[in-house]
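Engineer: Sequence first, predicted coordinates after that:
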Amino acid sequence: MALVAEVAKLTPPEADVIFLGDGEFDGLTLQQSVDSYGWRYVCRTASDIVLTDDGDQFNCQQLGLRPGDLISIPNVLFTREQYGPVHVIAWWAKDNKKPIFLVTNMELAQEACFWYKKRFRIETFFSDQKSRGFHLHKSHLDKPERLATLMIAACLAYIWMVYLGAFARHTGWDKIIHRTDRCDLSLFQLGLALLEHFLNEYIPIPVAFQISLHLTGVPYPLPDHYC
């Protein structure tokens, strides 16, 4: 809630904001706050959340959902506190093993699903910060202020690793530290590998925190300095 309030202060009034959240972000207070900012939101919710429609109570488990189904339930009251009305969506994509259930203030179910699919893009960032990268989950920090300071440093390092990955792809270092026929690593993982190689071989390390991507064939800008 505190983070959302800080983001709201920095957001231009004319900005079109869409808030995407996993299952922990379907709380009534958060939905109310996001609504008050004039933002749209799509958040995952549980299948057993109590819904009320015209006095009748039910949950999504009772819908008999099958693979390929998309059931839209507009203008229902959410949870036993009967917050709303909101729009609840029961969605079982054909390529998914299980259905997911969404709560949103968007009118169209297809639009809500379109935006929610973009939430999964952040999962790679989570794994890079944790098990596949910086292992922040092992920090044992329990004070928000200290964790925030660590996250600032980790995010700066993340940008640098992505830069090194792009640098490796552009300069051909990826063929030396990885494979010559294809690249199976993300830019972040490639950047980590390049940093380790440069450290082991005592090679000057390029430092930059900004990447300019030119799709017309102009190369990535090289750093102004090395360390």
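Structural biologist: That came through, no problem.

Engineer: how does this protein divide into domains?
Structural biologist: 2-120, 130-201 (automatic domain parsing).

Engineer: Now render those as JSON lines, adding mean neighbour count, distance to Val207 and mean pLDDT.
Structural biologist: C-betas here are computed from N, CA, C, even on glycine. Listed next are the domains of the chain as JSON lines, based on neighbours: other CB atoms under 10 Å; distance: least, CB to CB, whole Å; pLDDT from 0 to 100:
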{"stretch": "domain 2-120", "mean neighbour count": "15", "distance to Val207": "27", "mean pLDDT": "93"}
{"stretch": "domain 130-201", "mean neighbour count": "15", "distance to Val207": "7", "mean pLDDT": "90"}
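
Engineer: Need the three-state assignment for the residue nearest to the spatial centre of the chain.
Structural biologist: Closest residue to the average C-alpha location of the chain: Ile122 at 2.6 Å, with CA atoms, centre = their mean. Assigned with DSSP: H, G, I helix; E, B strand; the rest coil, Ile122 falls in the helix class.

Engineer: Next one: it from Gly21, what distance?
Structural biologist: 11 Å (CB to CB, to the nearest Å).

Engineer: try Ile176
Structural biologist: On the measure of CB to CB, Ile176 and Gly21 end up 41 Å apart.

Engineer: and if you look at Tyr116?
Structural biologist: Distance from Tyr116 to Gly21, by CB to CB: 9 Å.

Engineer: can you pull out the strands in the chain?
Structural biologist: 18-21, 40-45, 51-53, 56-58, 70-78, 83-91, 100-104 (DSSP state E).

Engineer: Name all residues that make contact with the residue lying closest to Val162 once chain neighbours are set aside.
Structural biologist: Nearest residue to Val162, sequence neighbours excluded (CB to CB, 6 or more residues apart in numbering): Leu187, at 4.8 Å. The neighbours of Leu187, taking CB atoms under 8 Å, 6 or more residues apart in numbering as the test, are 161-162, 165-166, 169.

Engineer: go again using 7 Å as the cut-off
Structural biologist: Taking CB atoms under 7 Å, 6 or more residues apart in numbering, we find Leu187 in contact with 162, 165-166.

Engineer: what do you get for Pro85?
Structural biologist: Contacts of Pro85 (CB under 7 Å, 6+ apart): 75-77.

Engineer: Let me have those in CSV, adding distance to Lys143 as columns.
Structural biologist: As requested, the contacts of Pro85 are exported to CSV (distance: CB to CB, whole Å):
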residue, distance to Lys143
Asn75, 43
Val76, 40
Leu77, 38
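
Engineer: biggest helix in the protein by residues?
Structural biologist: helix 144-171 (DSSP state H).

Engineer: So which elements touch it?
Structural biologist: helix 123-129, helix 187-201 (3 or more CB pairs under 7 Å, 6 or more residues apart in numbering; DSSP states H and E).
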